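Chemist: Provided below are the primary sequence and the corresponding predicted coordinates.
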Amino acid sequence: MALKRVEVELPEELWKLAGIPAKKASAKLQEMLVMELLRQGKLSQSKAAKLLGIDRWDLADVMAAYDVPTTILTKADLDREQAHWERLRSKKS
């Protein structure tokens with residue numbers, strides 16, 4: 001994986017509020033960016049895990065810490081689910 005070095009200057013107040021030690025800042029910023037891209041649907045979970053160097057199980061913990069849903073259902077997904085449960089309900093009747 002190709003790396004690109006980026007220098008970021010942020011107010012000291014932000015670092016204090018975030019509680020990020022300077023030596024962990026790069027990894028934490030990468031984690032935050034990956035989580036935001038995952039939230040926006042621009043990354044898959046497997047790609048996010050790979051970028052962070054963790055497995056899918058650990059990714060679920062990181063996602064929970066950032067309130068990123070592990071499952072995103074579209075309207076079509078919900079419609080299929082509803083139709084499935086209605087078919088099951090009608091079979092029991």
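Modeler: Yep, that arrived. Residues are numbered from 1 along each chain as shown.

Chemist: all helices for this protein, in order.
Modeler: Taking DSSP state H to define them, one finds helices in the chain at 12-18, 25-39, 45-52, 56-65, 75-92.

Chemist: report the buried residues of the shortest one.
Modeler: Neighbour-count burial for helix 12-18 flags no residue at all (criterion: 16 or more other Cβ atoms under 10 Å). Using the backbone N, CA and C atoms, a C-beta is placed for each residue, glycine as well.

Chemist: hang on, the earlier thing: out of the helices of the chain, nearest to K4?
Modeler: Checking the helices of the chain against K4 by Cβ to Cβ gives helix 25-39 as the closest, at 11.3 Å.

Chemist: identify the residues contacting that closest one?
Modeler: 8, 15, 18, 20, 43, 45, 48, 51-52, 62-63, 66, 68 (Cβ atoms under 8 Å, 6 or more residues apart in numbering).

Chemist: hmm, try it at 6 Å
Modeler: Helix 25-39 is touched from outside by I20, L43, A48, L51, L52, Y66, V68, with contacts defined as Cβ atoms under 6 Å, 6 or more residues apart in numbering.

Chemist: swap in stretch 12-24?
Modeler: Contacts to stretch 12-24, defined as Cβ under 6 Å, 6+ apart, come from residues K28.

Chemist: quick one: end-to-end length of that stretch, please.
Modeler: Taking Cα to Cα, to the nearest Å, the first and last residues of stretch 12-24 lie 15 Å apart.

Chemist: from W85, how far off is the residue of the chain positioned farthest from its centre?
Modeler: Computed with Cα atoms, centre = their mean, the residue of the chain farthest from its C-alpha average is S93, at 41.5 Å. Separation of S93 from W85 (Cβ to Cβ, to the nearest Å) stands at 13 Å.

Chemist: repeat for K16
Modeler: Distance, K16 to W85, by Cβ to Cβ: 50 Å.

Chemist: one step back: distance to M1 and mean pLDDT for the helices of the chain - can I get that in JSON lines?
Modeler: Output for the helices of the chain, formatted as JSON lines (distance: least, Cβ to Cβ, whole Å; pLDDT from 0 to 100):
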{"stretch": "helix 12-18", "distance to M1": "25", "mean pLDDT": "86"}
{"stretch": "helix 25-39", "distance to M1": "12", "mean pLDDT": "93"}
{"stretch": "helix 45-52", "distance to M1": "8", "mean pLDDT": "95"}
{"stretch": "helix 56-65", "distance to M1": "17", "mean pLDDT": "95"}
{"stretch": "helix 75-92", "distance to M1": "32", "mean pLDDT": "87"}
